[in-house]
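1. okay, predicted coordinates and the sequence, questions at the end:
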Amino acid sequence: MKKKLLPALIVTGLIILVVIIMGITALINKYTPTKKTEDLKEYFNISSDDEVALIVDNELSDYKAKIIDKKIYVDYKFVHDSLNSRFYWDANENVLLYTTASDIISAAADSNSYSVTKQTNDFGYPIVKATSDSALIALDYVKQYSNITFKSYDDPARIVITSKWDEIDSATVSKSTQVRVKGGIKSPILKEVKKDDKITILDSGDKWDKVATEDGVIGYIKRKALSESKKTKLTNPDYEEETFTHIKKDKDICLAWNQVTSQSANSKVPQVISSTKGINVMSPTWFYLNDNNGNLADIASKDYVSYCHSQGIEVWGLFSNLENTDVDAAYVLTHTSTRTTLINQIMSAAFNYELDGVNIDFENITEAAYGDSYIEFIRELSIKCHNNGISLSVDVTVPASFNKFFNRSDMAKFADYIVIMGYDEHYKGSDAGSVSSIPWVTEGVESTLKEVPADQIILGMPFYTRIWEL
């Protein structure tokens, strides 16, 4: 009996031993970190030798930089959307523009030189290269005018850019460990980090923190492998913030738009003024865009200006794009040559009639690309106006979903006044309703104040209503 039982006990013992070994092996496997490494080319989505990954403010961009003749170039759309929206690419005439408070800086495609107003400088290699649907700009040139810093790294090629100078959570590695694709020891390794390496904490978890290394690797690290985090304010000591000045009045502006539709109507200005009180600025509707070359129609009057001046009233001539419906305002503003002609015509009119100010009333600007061109027009016009002591005001609709592309913040840096068009909440062709209800106007002003300083805002109010018929 004992002889028969012994083999059974041995077999049972072996089974138990195997189960124990398997259990131990499973436990070892469960708690042993994987040594599998992630392919960084795949991680950075690099598919060719001339591509360079872009990590901007600890986020991997969908855009890629290009290596051309050992120089780094970045897509204009990336620059405009992510780094500095003031760069303006004229795809029609292949010229890159950048406008400062005092200068228009211009670089033609494939040229080593760029002009700053009337002075020409040599950059040393081509600044911008035209592509089929955009342009590539030398990153060093972008940095020259932008509040950014960047560092380049190899294997694979990548550039880490800082453009936001906020407070970050920083820490140091307290013991050598790994940054992994996801939180967990079974996730592939992105990078080995050593004691005292600096990292930025992007998001804190229970056991794993999402971090960014100095060389642009974004992944997860064990919290216990990090020192206590601390708040660090990022700064760029090499960048000097640009100063903008404005021609502003030492009094509240009480402006009246004077609808003038013919040369003869200018003679009525004494009656118009005598029937009002408190007006210190008149803005007659004298000028409008009249052809696709940037030329203006003009029904202005020197006598009108002289009379207003005699009454202590300034004249800000209004320039519009509404009267001649055959003109393509988008064409004029998206071509640098015609835009320049328009600006020169505006300044010529201002000199000829001794205007105190220019009021721009361009409307029906619906496309984002056209919006960029319109703001570039305001930037360039502002320099001419300010150099000659002429106030520049711009009429804008209240902020809404359909006009989000308007950069009112940048516009306010260049223009002296932003005039809110606080009317036509409801209009001919819309549903019946108020021309300018108080809640609608209030919301429009509050939204504008988020982008424009209060002392630069003029609220345009309607002295009319509409009769609605069913």
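-> Cool, the structure landed. Residues are numbered from 1 along each chain as shown.
2. and the strands in the stretch 351-470 of the chain, which stretches?
-> Per DSSP state E, counting those that start in this stretch, the stretch 351-470 of the chain carries strands over the ranges 357-361, 391-397, 417-421, 457-460.
3. now the ones you listed in TSV, with mean pLDDT?
-> Listed next are those as TSV, based on pLDDT from 0 to 100:
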stretch	mean pLDDT
strand 357-361	98
strand 391-397	96
strand 417-421	97
strand 457-460	97
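4. got JSON lines for those strands, with distance to residue 34 and mean neighbour count too?
-> C-beta here means a position set from N, CA and C on the backbone, and glycine is covered the same way. Shown next, in JSON lines, are the strands of the stretch 351-470 of the chain (distance: least, Cβ to Cβ, whole Å; neighbours: other Cβ atoms under 10 Å):
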{"stretch": "strand 357-361", "distance to residue 34": "63", "mean neighbour count": "24"}
{"stretch": "strand 391-397", "distance to residue 34": "57", "mean neighbour count": "22"}
{"stretch": "strand 417-421", "distance to residue 34": "58", "mean neighbour count": "22"}
{"stretch": "strand 457-460", "distance to residue 34": "60", "mean neighbour count": "16"}
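5. distance to residue 404 added to those strands, as TSV?
-> Converted to TSV, these look like this (distance: least, Cβ to Cβ, whole Å):
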stretch	distance to residue 404
strand 357-361	20
strand 391-397	11
strand 417-421	16
strand 457-460	19
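6. so residue 101 sits against residue 145, correct?
-> No. In this structure, residue 101 is not within contact of residue 145 by Cβ atoms under 8 Å, at 11.9 Å.
7. looking at these two, which has the bigger crowd around it?
-> residue 145 (17 against 14; other Cβ atoms under 10 Å).
8. ok, and the closest non-adjacent residue to the more buried one?
-> In space, residue 145 comes closest to residue 98 once its chain neighbours are excluded; the distance is 5.4 Å by Cβ to Cβ, 6 or more residues apart in numbering.
9. partner strands of the helix or strand where the one you found lies and their direction?
-> Secondary structure assignment for residue 98, by DSSP states H and E: strand 95-99. Applying DSSP bridges to the sheet, strand 95-99 is found paired with strand 87-90 (antiparallel), strand 104-108 (antiparallel).
10. need the winner for burial among the ones you listed.
-> Across the strands paired with strand 95-99, averaging neighbours per residue (mean count of other Cβ atoms under 10 Å) puts strand 87-90 on top, at a mean of 21.
11. tabulate the strands paired with strand 95-99 (CSV), appending mean pLDDT.
-> Formatted as CSV, those follow (pLDDT from 0 to 100):
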stretch, mean pLDDT
strand 87-90, 97
strand 104-108, 97
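12. now for the residue positioned nearest the centre of the chain: which residues touch it?
-> In the chain, the residue lying closest to the centroid (Cα atoms, centre = their mean) is residue 85, at 3.9 Å. By Cβ atoms under 8 Å, 6 or more residues apart in numbering, the contact list for residue 85 reads 407, 410.
13. over to it. Which of the three states is it?
-> Under the three-state scheme (DSSP: H, G, I helix; E, B strand; the rest coil), residue 85 adopts coil.
14. any idea how far it is from residue 72?
-> 20 Å (Cβ to Cβ, to the nearest Å).
15. closest one to residue 430 among the strands of the stretch 351-470 of the chain?
-> Across these, residue 430 has its closest neighbour in strand 391-397 (13.9 Å, Cβ to Cβ).
16. before we move on, the earlier item: I'd like the mean pLDDT over the strand holding residue 98, please.
-> For strand 95-99, the mean per-residue pLDDT is 98.
17. which residues sit against it?
-> Against strand 95-99 from outside (Cβ under 8 Å, 6+ apart): 76, 86-90, 104-109, 127-128, 135, 137, 145, 336, 376, 379-380, 383, 414.
18. any idea how far residue 116 is from residue 412?
-> 24 Å.
19. more neighbours: these two, which one.
-> Higher neighbour count among residue 412 and residue 116: residue 412, with 22 against 14, using other Cβ under 10 Å.
20. quick one, what contacts that one?
-> So residue 412 contacts 418, 451-453, 456 (Cβ under 8 Å, 6+ apart).
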